[in-house]
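A.B. asks: Let's see this in three dimensions:
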Amino acid sequence: MKNVLSGIQPTGDLHLGNYFGAVRNWVHLQDQYECRYSVVDYHSITMPYRAETLRENTWKMVFYLLACGVKPENLFIQSLVPEHVELSWILSSVASYGELNRMTQFKDKTDQLHEADKDSFVSVGLFAYPVLQAADILIYRADYVPVGKDQEQHLELSRHIAQRFNHQFGQEYFVHPEPLFTETPKILSLADPNKKMSKSLGEKHYINLFGEEDKVRKQIKSAVTDAGTTPAGQMSTGVQNLFELLRACGAQEAHDSLMADYEAGTRQYGALKQAVADAVVALINPMRERLVELNANSEQVQAEIRASSARIRQRAQQTLREVREIAGLI
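C.D. replies: Next up, the predicted model:
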């Protein structure tokens, strides 16, 4: 089987955009590839954070992913495999400063820091974390990395680093990982459909995948449909987003019926929102129930993930032993 590697930062709630954009795909890929999925807590410390919050959010994300259908044997916590960091240091010697300086996410997050606090400093970790991301991928000799177009730049850097390492030491050791692009719906904010669904915009802009049913229905009921700025004859971005949510949730029959009504000139926004709410609730309720079961056995679940992290670490240790030998380290 080909290898797949991907990771997610433990940043609190998991929302519908995260699920449709990445996690649902992770679950499906488990049937086709040898998959390793990581909660990348090392990456989370490149921005200001509280230690207890990080620890809590890391375990929350583990439980969320398991509730979504990620298999425990495929899941690990990044900081339980410290070999990632050692490989990152070795790879930093063949990483280009110029390439790191051109990373768009570094610029975006630097702007976020300065907007939040003009006296804040930008950490070296924030600048260098794409090298750690390359180590995350290369340490497992991953063939494929499921990414969106916004992450393609980082994967390209991973390939460049692998190529330079192989060239410097005269052997084709590292695999050149390829992007695994899959069809994923782009879910927008219900409060401002001109923006992607995101936690950073505030609570009203995202739907918590494990949120209470009443709150989820209320958010969808108050979704922006037509702000009055859409040209005649065109579907507004807000309405498009609701139809996209219906299709993403698998409610194709309701989607087609309401789309036919819309195209016939009867704009039943209330019926559309009701159908979306029903579809979203039908999607998330089984996962919410699964999460309750996992939380009821939290100690056992944590022990299982520590064990899977230890098993996955064995592969990382083997790679690092070989890299140390190639690089001339004692």
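
A.B. asks: which residue ranges form the strands in the stretch 151-300 of the chain?
C.D. replies: 178-180 (DSSP state E, counting those that start in this stretch).

A.B. asks: Break down it into its helices, ranges please.
C.D. replies: Here the stretch 151-300 of the chain has its helices, by DSSP state H, counting those that start in this stretch, at 152-168, 213-221, 237-248, 252-263, 269-296, 298-327.

A.B. asks: where does this protein have its least confident helix or strand?
C.D. replies: One helix or strand of the chain scores below all others by mean pLDDT, DSSP states H and E: helix 104-116, with a mean of 77.

A.B. asks: so how far is Val281 from the closest residue in space to Lys215 that isn't next to it in sequence?
C.D. replies: Of all residues not flanking Lys215 in the chain, Asn208 sits nearest, at 7.8 Å (CB to CB, 6 or more residues apart in numbering). C-beta: built from backbone N, CA, C; applies to glycine. To Val281, Asn208 is 12 Å away according to CB to CB, to the nearest Å.

A.B. asks: got any residues that touch both of the two?
C.D. replies: Val216 (CB atoms under 8 Å, 6 or more residues apart in numbering).

A.B. asks: Tell me the helices and strands packed up against the helix or strand following the least confident helix or strand of the chain.
C.D. replies: As assigned by DSSP states H and E, the chain's next helix or strand after helix 104-116 is helix 124-138. Contacts defined by 3 or more CB pairs under 8 Å, 6 or more residues apart in numbering; DSSP states H and E place helix 124-138 against strand 3-8, helix 41-44, helix 83-91, helix 97-101, helix 104-116, helix 152-168.

A.B. asks: when you compare where helix 124-138 runs with where helix 298-327 runs, what's the angle?
C.D. replies: 90 degrees (axes from the mean of the first three to the mean of the last three CA atoms, to 10 degrees).

A.B. asks: what angle sits between helix 124-138 and helix 83-91?
C.D. replies: Going by the same axes, to 10 degrees, helix 124-138 makes 100 degrees with helix 83-91.

A.B. asks: Quick check: buried residues in helix 124-138?
C.D. replies: 126-138 (16 or more other CB atoms under 10 Å).

A.B. asks: pLDDT at Asp150, what is it?
C.D. replies: Asp150 carries a pLDDT value of 67.

A.B. asks: what does Tyr37 give?
C.D. replies: Tyr37 is assigned 98 on the pLDDT scale.

A.B. asks: That one reaches Cys68, doesn't it?
C.D. replies: No. In this structure, Tyr37 is not within contact of Cys68 by CB atoms under 8 Å, at 10.5 Å.

A.B. asks: for the stretch 1-150 of the chain, which spans come out with low pLDDT?
C.D. replies: 149-150 (pLDDT under 70).
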